[in-house]
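Participant: Quick one, structure for this:
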Amino acid sequence: MLKLLNGLDKRTVEFIRLKLQDSNLEIISIADNFTRGIVEFFGLRRSVRDLLLGVDPWTGHIWPSKHYKELFFDPGHSPGDVKFLWEFMKHNFLPALGKAYRLTGDASYAKSGVEFIKEWLKSVEDERGASWAGHPHICQRITNWLFFFELIEGSEAVGISEKQEIDSYLNKQWRLLEKEYERPANNHRLISICFVIMGRLYNNSASDLEFWLGELKSTTETLFLPDGGFSEQSTSYHRFSLESLLLASQGLKNAGYEIPSWLQDAVERSLVYFDAVLEPSGQPPVFGDNSDEIFIVREWPEKFWDMEYLFAFGRSLGFNVRKPWITPPSLFWIIGLGKVEPGGKPEQPLQAAFPDSGHFVLRDGEGSYVFFRAGSFGLHIPGETWWAHSHSDQLGLVAYLEGIEILTDPGTYRYNENDFERMIMKDESFHSTVMIKGVKQAKYSSSFIYKDALDAKGTLEDRVISGVLETEDFRIQREVQLEDRKLVITDRILARPGSEAEWYFALSPNLSPVELEPGKVVLQEIGSLKKVTLSISEEVSLEVLPGYVSYLYNRALPSQRLHFGLKVDGVKVVKFVFAVS
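Facilitator: Sure thing, here's the model as predicted:
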C-alpha cells in the first residue's frame with residue numbers, strides 16, 4: 001500500500017504538538033472554519049455548500065455539468081476563471097482536518113472530512129464538470145485525499161462501504177490520468193505519470209510499473225534541463241513538477257522499490273538550480289506563469305514561496321542536496337522527526353550560469369543580486385504554435401541592491417477570466433527589458449498561445465552577464481554587472497535608421513520615483529529613507545507608468561514602471577546605473 005507520510009509516529013506528532021504552536025493554531029483554525037462550512041483561498045472566504053454545487057467563487061455563476069471535454073475555459077466562454085473553482089476542488093483543507101485530528105484526538109475532525117468526501121462523491125458525475133478536467137488538479141486532489149486518509153488512519157470515521165466507494169473514485173481518476181497522460185506534453189504529462197505510478201503502488205500492483213517509469217524518465221528528460229532548469233520557463237511549474245518527483249520517490253521508497261538514479265539526478269539538479277537562483281528574500285524569481293500550484297500544502301507561518309521544504313524533502317530521501325537552513329513545519333509530517341538535519345543559513349554561489357535554461361545569477365554577498373534571462377523562449381512542441389507558460393521577458397532581470405528589491409517580475413495575475421490582464425502580465429512592457437518599438441519578442445495569440453517567439457543567447461564571464469536578442473532588422477546586446485555596489489546595465493543596439501528603442505523597468509512595489517531629471521531618476525523605498533539613484537548615459541524620453549505585481553494568484557500589488565525612449569540611427573550604446581544613495 002502506498003504511504004506518503006513518514007512523520008505520523010508518536011514522537012514526531014508529540015514534537016509537532018509541543019513545539020510548532022503557530023503552525024498548529026493555523027491548522028486548527030482551518031479545520032474549525034471547515035466544520036462551520038467555510039473555506040478560504042485566493043484571499044476569498046466562501047461557503048463549502050455553494051462550492052459543492054459548482055458556484056464559481058469569483059463570479060457567483062454556476063459551472064455547467066457538461067462532459068469535461070465540452071467545457072470551454074477561454075474568456076467569454078465560461079462562468080469565470082476556472083482556477084478559482086479548481087482551487088476549491090483540490091481539497092487543500094483536507095490535510096488540515098487530518099492534522100487537527102492527530103494533534104487533538106478529536107474524532108469530529110476526521111468525521112467532518114469523511115462526511116465532506118461523501119458529499120463530494122454525491123455531487124460529481126463520472127467525467128462531467130470541471131473537477132474531471134485539468135490533470136494536475138486531479139493529482140492535487142488525490143494527494144490531499146491520500147494525506148487525509150493516512151492522517152486519520154486508526155479512527156472509526158471510515159467504514160468498509162466508504163472505503164470501497166472512495167477507492168472506486170480514486171481508481172476512476174487514476175484511469176483517466178493513464179488514458180490521457182500523453183496530452184499535453186508538458187507538466188501535465190509528467191505529473192499524470194507520477195500519479196499513475198502512485199496508483200499502482202496504492203493498489204499493490206506492479207503491473208506495467210517499468211513501462212510507467214520509462215515514460216516518466218523520457219518526460220523528465222524533456223522537461224528538466226541538464227543544467228537543472230525547466231523547459232517551460234516557469235518557476236511555479238518547475239517547483240510543482242519537482243514536488244511530484246519527490247512524492248513519487250517517497251512512494252517508491254516506502255513501497256520497497258529502489259529510486260532510479262535518473263530520478264535522483266533530476267531532483268538533485270533542480271535543487272542545485274533553486275539554491276543558486278534564490279533571491280535575498282529567500283523566494284525564487286517568479287518568471288513565467290505562476291499560480292498557486294503546490295502538492296505539499298503548508299500552513300502559516302510558512303509562505304507560499306518558501307523553498308526550504310524542498311531541500312528537507314530531498315535530503316530525507318538520501319539525495320545529495322544541501323541541508324535546509326530551517327525545516328518548515330509541514331515537512332515534519334512528511335519526513336518525520338528523525339530525518340531533520342538543519343544546516344544553518346547556506347552560502348549561495350556568487351555567480352551561477354544555467355546556459356540550457358538561459359538563466360544567469362550574480363550576487364555580492366552583501367544583499368545585491370541579479371537574475372537575468374536570455375535563452376529559449378520556452379517549451380515548444382514542433383508543429384504547434386504555443387509556448388504556453390512563457391512570458392516576453394528575454395533580456396529581462398530581477399535585481400536587488402544592498403538588500404533592497406529594485407526590479408521585479410510582475411508574476412501572473414489571472415489565467416482565464418480576463419485576457420487583457422493575462423496579456424499585459426506576459427508583455428515586454430511589464431518586464432525590465434529593452435525592445436525595438438513595434439517588434440514583439442513573440443506574438444500573443446491567446447491565453448496559452450504565442451506565434452513566432454524569439455530565442456536569446458546568454459553568457460556569464462568574469463562576473464559580467466551578456467545576453468543577445470536579434471532578428472534580421474536589429475541586434476540588442478545587454479550586459480549586466482554588479483560593481484562597486486552598483487548595478488550597471490549596458491545596452492548596445494544596432495538597428496535600422498529611424499528605429500526607436502524602448503526600455504522598461506518594472507519597479508518593486510516597495511519602490512517609488514520621487515525625483516525625475518534629465519538623465520537621472522531618484523527612487524525611494526516605501527516606508528524608509530533609503531533612496532536609489534538611476535543614472536542614464538543618454539538623454540532619453542521618460543515617463544512613469546502604472547503597473548501591478550502579482551507574486552500570488554489573484555493578489556495584485558500596485559507598482560510603477562519606468563519607460564524610456566530613444567531614436568536609434570545605426571548603433572547606440574546606453575548605460576543605466578542603479579546605486580543606493
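Participant: Please report the distance of Arg102 from Asp484.
Facilitator: 55 Å (Cβ to Cβ, to the nearest Å). From N, CA and C alone the C-beta is placed, and that goes for glycine too.
Participant: Looking at the two now, which is surrounded by more residues?
Facilitator: Counted by other Cβ atoms under 10 Å, Arg102 and Asp484 do not tie: Arg102 has more neighbours, with 25 against 8.
Participant: doesn't the more buried one fall inside a helix?
Facilitator: Yes - if the criterion is DSSP: H, G, I helix; E, B strand; the rest coil, then Arg102 is within a helix.
Participant: which residues touch Tyr553?
Facilitator: Listed by Cβ atoms under 8 Å, 6 or more residues apart in numbering, the contact partners of Tyr553 are 42, 83, 290-292, 412-414.
Participant: Those residues in helices, which ones?
Facilitator: Mapping the contacts of Tyr553 onto helices (DSSP state H) picks out Lys83.
Participant: With distance to Leu395, neighbour count and pLDDT added, can I get the contacts of Tyr553 in a markdown table?
Facilitator: Shown next, in a markdown table, are the contacts of Tyr553 (distance: Cβ to Cβ, whole Å; neighbours: other Cβ atoms under 10 Å; pLDDT from 0 to 100):
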| residue | distance to Leu395 | neighbour count | pLDDT |
| --- | --- | --- | --- |
| Phe42 | 32 | 18 | 90 |
| Lys83 | 29 | 22 | 91 |
| Asn290 | 20 | 28 | 92 |
| Ser291 | 25 | 24 | 88 |
| Asp292 | 28 | 19 | 89 |
| Thr412 | 20 | 25 | 91 |
| Tyr413 | 23 | 21 | 89 |
| Arg414 | 25 | 22 | 86 |
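Participant: Run through the helices of the stretch 201-350 of the chain in chain order.
Facilitator: Per DSSP state H, counting those that start in this stretch, the stretch 201-350 of the chain carries helices over the ranges 209-223, 235-254, 261-277, 308-316, 329-335.
Participant: nearest to Glu461, of the ones you listed?
Facilitator: Ranking the helices of the stretch 201-350 of the chain by their distance to Glu461 (criterion: Cβ to Cβ) puts helix 261-277 first, at 16.9 Å.
Participant: what's that closest one packed up against?
Facilitator: helix 209-223, helix 235-254, helix 308-316, strand 351-354, strand 359-363 (3 or more Cβ pairs under 8 Å, 6 or more residues apart in numbering; DSSP states H and E).
Participant: what angle do that helix and helix 308-316 make?
Facilitator: Between helix 261-277 and helix 308-316, the angle comes out at 140 degrees (axes from the mean of the first three to the mean of the last three Cα atoms, to 10 degrees).
Participant: now helix 261-277 against helix 209-223, angle please.
Facilitator: Helix 261-277 runs at 30 degrees relative to helix 209-223, counting by the same axes, to 10 degrees.
Participant: Would you indicate which residues of helix 261-277 are buried?
Facilitator: For helix 261-277, the neighbour count (16 or more other Cβ atoms under 10 Å) marks 263-264, 266-267, 269-277 as buried.
Participant: just stretch 551-560 next, same as before
Facilitator: So, applying 16+ other Cβ under 10 Å, buried residues of stretch 551-560: 551-554, 556-557, 559-560.
Participant: hmm, which two among the residues you listed are most spread apart?
Facilitator: Farthest pair in the buried residues of stretch 551-560 (Cβ to Cβ) is Tyr553 and Gln560. Separation: 21.9 Å.
Participant: Tell me the confidence at Tyr1?
Facilitator: Tyr isn't right for residue 1; it's Met. For Met1, the pLDDT comes out at 79.
Participant: That one: neighbouring residues, count only.
Facilitator: Counted with other Cβ under 10 Å, the burial measure for Met1 works out to 9 neighbours.
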